[in-house]
Each structure stands twice: as C-alpha cells, then as structure tokens.
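1. just the structure for this:
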Amino acid sequence: MDGGRVNQKRRTRNAIVVAATELVRGGHPVTMPEVAKAAEVSEATAYRYFPDLASLLREAVAGTLFDPAEALAPLAGSADPVARVAAATEHLLRHVLTHQSAVRAMIAATITRPADTAGRPGLRFGLINEALAPPADLGDLDASGLAQLKRDLAVVMSAEALFGLTDLHRLPPEEAVRSVIHTAVTLTKAALGEKATTGEGRSGDPR
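-> Here you go, the predicted model:
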C-alpha cells in the first residue's frame, strides 16, 4: 500500500514537471493553472508538489540550459574579446527569445521574492566569464578592470534589458537584440581602451 502511494506520488510529480517542460519548450504561457491542465491534475495538486511557480520552473528549465563553453565553441580559437562578447550576448538573447514565456515567468516569480533569485540559472554570468577567459586577449586590463567590465556586461546581457527594449520601447525583437549587442560591444571596447575592433555579432549590427 505505502509503496503504491509513493509510486503514484512520484508519477504525479513527474507528470507536473514534464507538463511544465513541454510548455517551456513549446513557448506557451507557463502558469500553474496551465501546467495543471497539461498534467491533468488540479491546480491544488500542483501546488502540493511545488509551493510556487519558481520552484517548478527551476526543474522544468533544467533541460533547456546550455554550457557556456559549448555556446562559444565556434569562437574557441578567437582571441578577440569583442567578438566573443558579441557572440555570447547574441546566444543568450536568442535563448531568452526562444524560451521567453518561462523566462518571464521566472522573473515575475522571483522579483517580489528576492530570496528565490538564487534559483535562477544566471546563464549570463557563465557566458561573460567564458567570453573573457583565455584565449581572449584583454591587453592591459587588470583584475579590477576585468571585474568591473563583467559587472557592466551583466547589466546589459540580460533578459531584463531585452524585455525593456521590446516591451517599453516597442522595438521588434531583432532590433532589440542588435541594440543590446551594440551596448555590450561598446562597453567592452571602452574597458579595453580600443577605438575600433571587430565583432558586433552575427545579427548585422552596424559598425
């Protein structure tokens, strides 16, 4: 009897996670009512297994995450930090656009509960570290300057920056992506003291 109940609970929990994951991958709205409907359980049941949407999303998005080194593999041999930052920024923003319903839900779920933000993936930080790691040639940039550049990039290489441009400035997604790449590139050039360099991304940002 006890074993049967345990197995049933496991199946129900898995069904909820699978339903949420499929909604994320399909770009559908991710809310507890929608997840419960897709999992064929009541909303109350979904909340019994996951106290809030953020805790459910942490499991649901796990299969959509990427490794920063793999994301920048096409530039593995490039020493140009500007090109690497541009590629990292574009990769992140494309990922956000593909999974924006889940990203928006995660931001909404954690913005009023700052303690829960530790559960957000923080993909930008891994990409920034990878973009500015060897073989990137940072010239005479010292440790303090590098730390500041990483903080500056973390502000603009973000879903929040992208959504600010699409939602508030009403920019089309592609134009918003180009704008964020341009800002990331400008910050990197300024930190390196360069007046001109290569690599504002594959999105066709004007140079």
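2. regarding this structure, what is its longest helix?
-> If you go by DSSP state H, the chain has its longest helix at helix 2-25.
3. and whatever helix or strand comes next after that one, what does it pack against?
-> Under the assignment DSSP states H and E, the closest C-terminal helix or strand after helix 2-25 is helix 32-39. Contact partners of helix 32-39 among helices and strands, from 3 or more CB pairs under 8 Å, 6 or more residues apart in numbering; DSSP states H and E: helix 2-25, helix 43-49, helix 53-60. In short, each C-beta sits where N, CA and C put it, glycine included.
4. at 7 Å what do you get?
-> helix 2-25, helix 43-49 (3 or more CB pairs under 7 Å, 6 or more residues apart in numbering; DSSP states H and E).
5. nearest to residue 161, of these?
-> Ranking the helices and strands packed on helix 32-39 by their distance to residue 161 (criterion: CB to CB) puts helix 2-25 first, at 21.2 Å.
6. secondary structure element for residue 163?
-> Taking DSSP H and E as the definition, one finds residue 163 inside helix 159-163.
7. what pLDDT, on average, does that helix get?
-> The predicted model assigns helix 159-163 a mean pLDDT of 95.
8. tell me what it is packed against?
-> Under the contact criterion of 3+ CB pairs under 7 Å, 6+ apart, helix 159-163 touches helix 81-98, helix 100-111, helix 173-192.
9. most tightly packed of those helices?
-> Between those, helix 81-98 has the highest mean count of neighbours, a mean of 23, where neighbours are mean count of other CB atoms under 10 Å.
10. residue 20: neighbouring residues, count only.
-> Residue 20 has 28 neighbouring residues, counting by other CB atoms under 10 Å.
11. adding mean pLDDT and distance to residue 155, write the helices and strands packed on helix 159-163 out as JSON lines.
-> Shown next, in JSON lines, are the helices and strands packed on helix 159-163 (pLDDT from 0 to 100; distance: least, CB to CB, whole Å):
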{"stretch": "helix 81-98", "mean pLDDT": "95", "distance to residue 155": "12"}
{"stretch": "helix 100-111", "mean pLDDT": "81", "distance to residue 155": "15"}
{"stretch": "helix 173-192", "mean pLDDT": "97", "distance to residue 155": "9"}
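12. residue 9: which of those is closest?
-> Across the helices and strands packed on helix 159-163, the minimum distance to residue 9, taken as CB to CB, is reached by helix 100-111, at 23.7 Å.
13. show me the contact partners of that closest one.
-> Defining contact as CB atoms under 7 Å, 6 or more residues apart in numbering, one finds that helix 100-111 is touched by 24, 27-30, 52-54, 57, 60-61, 96, 116-117, 120, 159-160.
14. what's downstream of it, the next helix or strand?
-> Towards the C-terminus, the helix or strand next in line after helix 100-111, according to DSSP H and E, is helix 123-131.
15. any idea how far that next one is from the chain center?
-> Relative to the chain's own centre, helix 123-131 is displaced by 10 Å; criterion: CA atoms, centre = their mean, to the nearest Å.
16. any idea which helix or strand comes after it?
-> Next in sequence after helix 123-131, counting helices and strands by DSSP H and E, comes helix 143-156.
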